[in-house]
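1. Pasting the sequence and the predicted coordinates here, then a few questions.
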Amino acid sequence: MEKYLSYSKEVLEAKEKGLPIVALESTIISHGMPYPQNVQTAREVEDIIRSKGAVPATIALIDGKIKIGLSDEELEMFGNAQDVAKTSRRDFGYLLASKKLGATTVAATMIAAELAGIELFVTGGIGGVHRGAEQTMDISADLEELAGTNVAVVCAGAKSILDLGLTLEYLETKGVPVVGYGTDVLPAFYTRESDFRLNIRVDSPQEVADMMRAKWDLGLRGGAVIANPIPEEDAMEASFINGIIETALKEAEQNGIKGKDVTPFMLGKVKELTEGKSLEANIALVKNNARIGAEIAIALNQNK
């Protein structure tokens, strides 16, 4: 297995010293935000994690290796390159064998993090069950990964372009805890609240660490969704953003956009229709998740 993994100097030193490490995805850089905000945000998120006392490990596929931790030059490359493949579980074998550039999705980052012994992953929002999935069967691979891969995921809930109710039902069926961090309801990415109450609420990094350690000590495989709401000052008004999402969904359907192309199209269209306000919210929530995620990673590390 190790022949496919390559660690940055910073991450390697962290592993040798037993320091807490936070995994970060690279699809948010290559497919989730425009340049230069993508690279700037990636650097700032890494710096937030360092300032909290943990070590960031942005993950990507480069030259036949799964890179655990990217250099500043590599972050810049993923922010600019045009031929970066969006990588999920199904793509690893081909992309590693062909030595093509791959940016890791939530699912792929979870896989790589577990291979590298990293228990905590910070992202913006998870994928889920797409609207109309009862006809299309369009369900993100993120959910299956959460069911079987031992990595806790800090996010601002599920992206509000999804069917949040069906996403929660799917996760419940798979035995994945969906935990509100300081909240009793599911955050919906751009907004702090949705119509869906959660069964579990935690209010400290230690509570998350204790819960995950107990789950994994019992041999119960899979991760957890640690749903951390976007900061109040950065949140968008629910009726405003939901109306824009409905408009964007209709346009995606009219243009025949399906599968893994839906999310980048939707994020781009929502950014356009909100005149950039959705991008500002996206950046704010990722940074907020990094702060909480670093604190949870430290608590997990102390609780081994």
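-> Noted; the coordinates are in hand.
2. count of residues packed around Asp47?
-> 13 (other Cβ atoms under 10 Å). (Glycine included, C-beta is placed from N, CA and C.)
3. Assign a three-state SS to it, would you?
-> Assigned by DSSP: H, G, I helix; E, B strand; the rest coil, the conformation of Asp47 is helix.
4. who's in contact with the residue nearest to Asp138 when sequence neighbours are not counted?
-> Excluding its sequence neighbours, the residue lying closest to Asp138 (Cβ to Cβ, 6 or more residues apart in numbering) is His130, at 4.0 Å. His130 is in contact with Thr136, Asp138, Ile139, Ser140, Ile161, Leu162, Asp163, Val262, counting by Cβ atoms under 8 Å, 6 or more residues apart in numbering.
5. Recalculate using a threshold of 7 Å.
-> Thr136, Asp138, Ile139, Leu162, Asp163, Val262 (Cβ atoms under 7 Å, 6 or more residues apart in numbering).
6. now do Gly102
-> Ala60, Leu61, Val84, Ala85, Thr87, Asp91, Leu95.
7. Next: Asp142.
-> Val106, Ala107, Ile126, Gly127.
8. from those residues, which would you call buried?
-> Buried by 16 or more other Cβ atoms under 10 Å: Val106, Ala107, Ile126, Gly127, out of those.
9. Of those residues, which pair is most distant in space?
-> Spatially, the most separated pair among these is Ala107 and Ile126, at 9.3 Å (Cβ to Cβ).
10. Output the lowest mean pLDDT helix or strand found in the protein.
-> helix 133-136 (a mean of 80; mean pLDDT, DSSP states H and E).
11. immediately after it, which helix or strand?
-> Using DSSP states H and E, the helix or strand that follows helix 133-136 towards the C-terminus is helix 141-148.
12. pLDDT averaged over that next one - what is it?
-> For helix 141-148, mean pLDDT rounds to 97.
13. Buried residues of that helix, list them for me.
-> Ala141, Asp142, Leu143, Glu144, Glu145, Leu146, Ala147.
14. possible to save the residues you listed as TSV with distance to Ala227?
-> Supplementary listing: the buried residues of helix 141-148 in TSV, determined by distance: Cβ to Cβ, whole Å:
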residue	distance to Ala227
Ala141	19
Asp142	14
Leu143	14
Glu144	19
Glu145	17
Leu146	12
Ala147	17
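15. Stretch 86-104 - what's its average pLDDT?
-> 97.
16. Stretch 66-75 - what's its average pLDDT?
-> According to the model, stretch 66-75 has a mean pLDDT of 98.
17. From Val84, how far off is Leu101?
-> 5 Å (Cβ to Cβ, to the nearest Å).
18. What confidence value was assigned to Lys260?
-> Lys260 is given a pLDDT of 67.
19. Check Ala235 too.
-> So, for Ala235, pLDDT stands at 96.
20. is it true that it touches Arg192?
-> Yes: between Ala235 and Arg192 there is a contact under Cβ atoms under 7 Å: 4.9 Å.
21. Can you pull the poorly scored residue ranges out of this protein?
-> Counting by pLDDT under 70, the low-confidence segments of the chain come to 260.
22. Specify the helix with the largest residue count in it.
-> Taking DSSP state H as the criterion, the chain has its longest helix at helix 277-302.
23. and it, what does it pack onto?
-> Judged by 3 or more Cβ pairs under 7 Å, 6 or more residues apart in numbering; DSSP states H and E, helix 277-302 is in contact with strand 21-24, helix 37-51, strand 120-122, strand 152-155, helix 205-217, helix 262-273.
24. could you give the angle of that helix to helix 37-51?
-> 30 degrees (axes from the mean of the first three to the mean of the last three Cα atoms, to 10 degrees).
25. List the buried residues for helix 277-302?
-> Neighbour-count burial for helix 277-302 [16+ other Cβ under 10 Å]: 277-279, 281-301.
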